[in-house]
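Fold the following, please.
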Amino acid sequence: MPEATTPEIITVRRDTTLRWPCRSGDFLMWFGFSDVFSGPEAIQCHDLWEMRDGSHLTITNRLEDLPRWFRMHPTEVCGSLVYKLLPKVEKGDYPSEPMDGPNLWRLKSGDRVAWVGAERPDRRSVNGILAILDCRESALAVGAADWENVQEFAGFGAPTTAEMKPDDVARCQAAVSAVKKLGLPREWAPEWRLG
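Alright, predicted model coming up:
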């Protein structure tokens, strides 16, 4: 059993799907290395989402669990997934370029995601950190909510205020420290590909 002073570390391996239900006041922080040879201090925060009540995050590298509307470009596929998508590629049934959106993160092998927020009955929080994702394989992170209009979708994850509350700043700083303490990743990929 992990120590009460260590946040939960969840490893993404091949054939993984996770769903994180979020609340207002939760933040998701995406970290990655552009160059692992520069040491653990070279980690960068690529993006930060402020979550709302009813929003959630799905992390998957399973073709069957990708959203129905998400279509992969042939350059994003490798390994056994090539054979699964070959019929579509032969028909030309794929987007002209990789799909993008305000609610998508392409997590590469070696990336990490910190979920910060207040403790809740079903999830322990250590210094405001609910969990840290350690990607050993690439995965797609898809943020979702009940959007009422295009503006809400386009603003997914955007901060609600110009300045963060002191408690939120402290949680995010604790997450940065915890991610750095994990050190260099065991696996690292310079490009995002599923398979």
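
how deep is L66 tucked in, by neighbour count?
17 (other C-beta atoms under 10 Å). Heads up, the C-betas are built off the backbone N, CA and C, glycines and all.

so which helix or strand takes in the most centrally placed residue in the chain?
Nearest to the geometric centre of the chain sits A141, at 4.4 Å (C-alpha atoms, centre = their mean). Element membership of A141 [criterion: DSSP states H and E] is strand 139-144.

Mind listing the strands that strand pairs with, and their directions?
Paired with strand 139-144 in the same sheet, following DSSP bridges, are strand 56-60 (antiparallel), strand 104-107 (antiparallel).

follow-up on the earlier one: please name the residues that touch the residue nearest to the centre of the chain.
Neighbour list for A141: 30, 57-59, 104-107, 113 [criterion: C-beta atoms under 8 Å, 6 or more residues apart in numbering].

Now for the residues you listed, which sits with the most neighbours around it?
Counting neighbours by other C-beta under 10 Å, the top entry in those is V113, with 29 neighbours.

list the contacts for that residue?
28-31, 59, 105, 107, 132-133, 135, 141.

Surely it is within a helix?
No - counting by DSSP: H, G, I helix; E, B strand; the rest coil, V113 is not part of a helix but strand.

In the longest helix seen in the chain, which residues are buried?
Longest helix in the chain by number of residues (criterion: DSSP state H): helix 166-181. Within helix 166-181, the residues that count as buried by 16 or more other C-beta atoms under 10 Å are 168, 171-172, 174-175, 178-179.

Could I get the full set of strands for this protein?
Counting by DSSP state E, the chain has strands at residues 9-12, 17-21, 27-32, 44-50, 56-60, 104-107, 112-116, 129-135, 139-144.

Distance to E152 for the ones you listed - can I get that in TSV?
Conversion of the strands of the chain to TSV gives the following (distance: least, C-beta to C-beta, whole Å):
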stretch	distance to E152
strand 9-12	28
strand 17-21	18
strand 27-32	17
strand 44-50	13
strand 56-60	15
strand 104-107	16
strand 112-116	21
strand 129-135	24
strand 139-144	12
